[in-house]
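>>> requesting a structural model of the entry that follows:
(one chain, ligands or ions: 1)
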Amino acid sequence: MRPTLMLHGGAGSMKSMDDPRERMYRAALREAAVAGAAILDGGGSAVDAVVTVNVVMEDSGVFNAGLGSGLTADGRIEMDAAVMDGTEQDYGAVAAVEGVANPVVLARHVLDDTPHCMLVGRGAEAFGASISVPLRPDFPSAPRIAEWERRKALMSESTGSLADQLAALGGVLGDASSDKDSDGPVGQADTVGAVAMDDRGRLASALTTGGIWMKMPGRVGDSPMIGAGLWSVDGQGSACATGTGETILRTLLCREVVDQMRAGKGATEACAAAIGLLESHFGSGMAGVIAVGPDGEPGYAFHTRGMGRSLWMGGMAEPACGIWPGEDWDRAVPG
Ligand code: ASP
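Take a look at the predicted model:
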């Protein structure tokens, strides 16, 4: 079968996306897609491809994951990551882990090497230490500390409580039509994730995040949660989300996408229907999702101003990348 890889670099208002940042962002999307495509092109598995994509994005420092993770309200990094294997309907995840270089690798070890599905906090870190998963003593990076200080100052100027600011996250992320500033203290969705189908028709998904900026310590969003942040079952479909976790969790967004495909919708239509359902409950500007159908048909939808994304299918010399709605990047895909 013709392999397919689709990845995202987060959905949001992209207010801070000036030209140099957009170039860097597109280059990082492309680099991750090239790494995943090389695995699928060489006959590798969908699970290996989606994990590799996420590792490249964690290491890039460009996204809110791994090196580039956003910070909690008290200035620490707490990361979440997950991997789902659609063949075995198996899943491994970690939540609220600190100091681990590649949380997505730790999540894969939970999948492969433990009888459990999810480990959190100290237990996850102790498991990582027991199998010598690399640490990053340079967390958080100097630019992220500077960003935290800027946001902290905005928070102390703001009249609303953290709960009020989280409740207003839709406005913070910025919907497709509004010109609202995303550079409030809370929020910013630059989580990364990927879905793939390999040449044997096996489906997988994986994602990794620092979570929303200035979250309460201990907060876990949708990203490591099966059915919400990701969902993959061979023969049915695979999906991976980004955006305000509190709305994605309450919609079980990725399970909804695959359910829509099982009901006969194409991948793009299924993504749009699931985002429409989320929007009907929580309003616009919240989320985006990518998917591959049971036969590798790619799709995506978002109702934020932008969502970084990249697509590679067997036969393409180069992955296609997009950020904004209506980019004509799908034309790069050979029929
Ligand atoms: N979904 C992530 C979370 O709520 C944020 C993101 O997608 O960037 O933690």
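>>> OK, contacts around Glu125?
97-100 (CB atoms under 8 Å, 6 or more residues apart in numbering). Where C-beta positions appear, they are placed from N, C-alpha and C, glycine not excepted.
>>> helix or strand for it, which one?
Using DSSP states H and E, Glu125 falls within helix 121-130.
>>> could you do Cys240 as well?
Following DSSP H and E, one finds Cys240 within strand 237-243.
>>> JSON lines for the contacts of Glu125, including pLDDT?
As requested, those are exported to JSON lines (pLDDT from 0 to 100):
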{"residue": "Val97", "pLDDT": "98"}
{"residue": "Glu98", "pLDDT": "96"}
{"residue": "Gly99", "pLDDT": "95"}
{"residue": "Val100", "pLDDT": "97"}
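>>> of those, closest to the ligand?
Val97 (13.5 Å; CB to the nearest ligand atom).
>>> rounded mean pLDDT for whichever strand or helix holds Leu249, please.
Element membership of Leu249 [criterion: DSSP H and E] is helix 245-251. Taken as a whole, helix 245-251 carries a mean pLDDT of 96.
>>> packing partners of it?
Applying 3 or more CB pairs under 8 Å, 6 or more residues apart in numbering; DSSP states H and E, we find helix 245-251 packed against helix 169-173, helix 267-282.
>>> so after the longest one, what's the next helix or strand?
Same thing as helix 267-282. Next helix or strand after helix 267-282 toward the C-terminus (DSSP H and E): strand 287-292.
>>> and for the shortest one?
As assigned by DSSP H and E, the chain's next helix or strand after helix 169-173 is strand 192-197.
>>> quick one: that following strand to chain centroid distance?
Relative to its chain's centre, strand 192-197 lies at 9 Å (CA atoms, centre = their mean, to the nearest Å).
>>> now do Arg255 against Gly229, distance only.
Arg255 is 10 Å from Gly229, where distance means CB to CB, to the nearest Å.
>>> which of the two has more residues huddled nearby?
Neighbours were counted for Arg255 and for Gly229 using other CB atoms under 10 Å; Gly229 has more, 33 against 17.
>>> so who does the more buried one touch?
By CB under 8 Å, 6+ apart, the contact set of Gly229 is 82, 193, 207, 221-223, 240-241, 245, 248, 253-254.
>>> can you sort out which of the residues you listed also neighbour the ligand?
When contact is defined as CB under 6 Å from any ligand atom, the contacts of Gly229 meet the ligand at 221-223, 245, 248.
>>> what is the nearest of those to Asp259?
Using CB to CB, Ile248 comes nearest to Asp259 of these, at 14.8 Å.
>>> which residue, neighbours along the chain excluded, lies closest to the closest one?
Among residues not flanking Ile248 along the chain, Asp222 sits closest, at 3.8 Å (CB to CB, 6 or more residues apart in numbering).
>>> burial count for the one you found?
Count around Asp222 with other CB under 10 Å applied: 31.
>>> helix/strand/coil for the residue in the stretch 1-150 of the chain positioned nearest to the ligand?
Among the residues of the stretch 1-150 of the chain, Gly10 lies closest to the ligand, at 4.8 Å counting by CB to the nearest ligand atom. Look at Gly10: counting by DSSP: H, G, I helix; E, B strand; the rest coil, its state is strand.
>>> so how far is Glu147 from the closest residue to it other than its chain neighbours?
The spatially closest residue to Gly10, leaving aside those adjacent along the chain, is Asp190, at 3.7 Å (CB to CB, 6+ apart). Taking CB to CB as the measure, Asp190 falls 12 Å from Glu147.
>>> how about Ala49?
Ala49 sits 31 Å away from Glu147, going by CB to CB.
>>> could you do Met316 as well?
Where Glu147 is concerned, Met316 sits at a distance of 35 Å (CB to CB).
>>> same question, Pro319
For Pro319 relative to Glu147 (CB to CB), the value is 29 Å.
>>> same question for Leu111.
32 Å.
>>> cool, Gly66 as well?
Per CB to CB, Gly66 is found 15 Å from Glu147.
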